[in-house]
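Participant: curious how this folds, go ahead:
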Amino acid sequence: MKKILILIFNILLLSNIFSQVVVKRTSLPVIKNSSLEYGFLSGKEFPFYSTFSKFDFEGEKIRVELYDDRDSLNLNKVNCSKTSINNNSEFSNPKMIFYVQEYIKDIFRNSKIEIDPDSKNKIEIHLESLDSRLFGFIYIKVHGISQIKIKYKIFSQTYCCDILDGDPHSPLRSNDFVTRKTAARYMVSAAIRENIEEFLTDFKRIK
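Facilitator: Here you go, the predicted structure:
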């Protein structure tokens, strides 16, 4: 079984070399329990959100390597939040790294960054945690949690987000009516966007 998993993810890795953002894994991903939290509920697909600030890097060519460090770190908390995470939602799925990959491509393209696998300028993006927490019974509060470490030359920074429905950059207001699964997907997607936008703000300053 392990050999089959290694073969599958080697094939996925090779296919992603041609997707510009190169996905690499620091350990063999753990296949999670099929009875995932909120897994039985219907919900809308994951959206991609645009950055609030507009960036124009004038077609700068960058090699982007994306690493999935979640299994090796197995974090129960992230740097910016007191909220405990259980890594048992659909966001723990190894396939989520490919959603993050597409998100990076989308935001970088809109920011006029050309992702070039042959560029000598390299950005390493390490996904460390991804989860959503829902609290309450009638009035539910939804957290989107994401932590990403990014390296560029000598620059290294960990970007952490715990965004709550009703926050200024949240796609959901506190009184919006959606399913729990949809709310979790929207808020996690917003948290990823926040991480990438914070990096682009720093990248504009340091490059």
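Participant: what is the burial count for residue 60?
Facilitator: 16 (other Cβ atoms under 10 Å). The C-beta positions use only the backbone N, C-alpha and C, and glycine is treated the same way.
Participant: residues in contact with residue 140?
Facilitator: 134, 180, 183 (Cβ atoms under 8 Å, 6 or more residues apart in numbering).
Participant: can you check residue 57 too?
Facilitator: 111-113, 203-204, 207.
Participant: how about those residues in JSON lines, adding distance to residue 119?
Facilitator: Shown next, in JSON lines, are the contacts of residue 57 (distance: Cβ to Cβ, whole Å):
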{"residue": "111", "distance to residue 119": "16"}
{"residue": "112", "distance to residue 119": "15"}
{"residue": "113", "distance to residue 119": "10"}
{"residue": "203", "distance to residue 119": "14"}
{"residue": "204", "distance to residue 119": "18"}
{"residue": "207", "distance to residue 119": "13"}
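Participant: packing partners for the longest helix seen in the chain?
Facilitator: Criterion DSSP state H: the longest helix present in the chain is helix 180-206. Contacts defined by 3 or more Cβ pairs under 8 Å, 6 or more residues apart in numbering; DSSP states H and E place helix 180-206 against helix 96-110, strand 122-135, strand 141-152, strand 155-164.
Participant: pull out the buried residues from the third one.
Facilitator: By neighbour count on 16 or more other Cβ atoms under 10 Å, the buried set for strand 141-152 is 142-150, 152.
Participant: so which elements touch that strand?
Facilitator: strand 122-135, strand 155-164, helix 180-206.
Participant: tilt between the shortest one and strand 141-152?
Facilitator: Using axes from the mean of the first three to the mean of the last three Cα atoms, to 10 degrees, the inter-axis angle of strand 155-164 relative to strand 141-152 is 170 degrees.
Participant: partners of strand 155-164 in the sheet?
Facilitator: strand 141-152 (antiparallel) (DSSP bridges).
Participant: avg pLDDT for the partner strand?
Facilitator: Strand 141-152 comes out with an average pLDDT of 95.
Participant: just the pLDDT at residue 182, thanks.
Facilitator: At residue 182, pLDDT is 89.
Participant: hmm, residue 44 and it touching each other?
Facilitator: Yes: counting by Cβ atoms under 8 Å, residue 182 touches residue 44, with 4.7 Å between them.
Participant: quick one, which of these two is more surrounded?
Facilitator: residue 182 (21 against 12).
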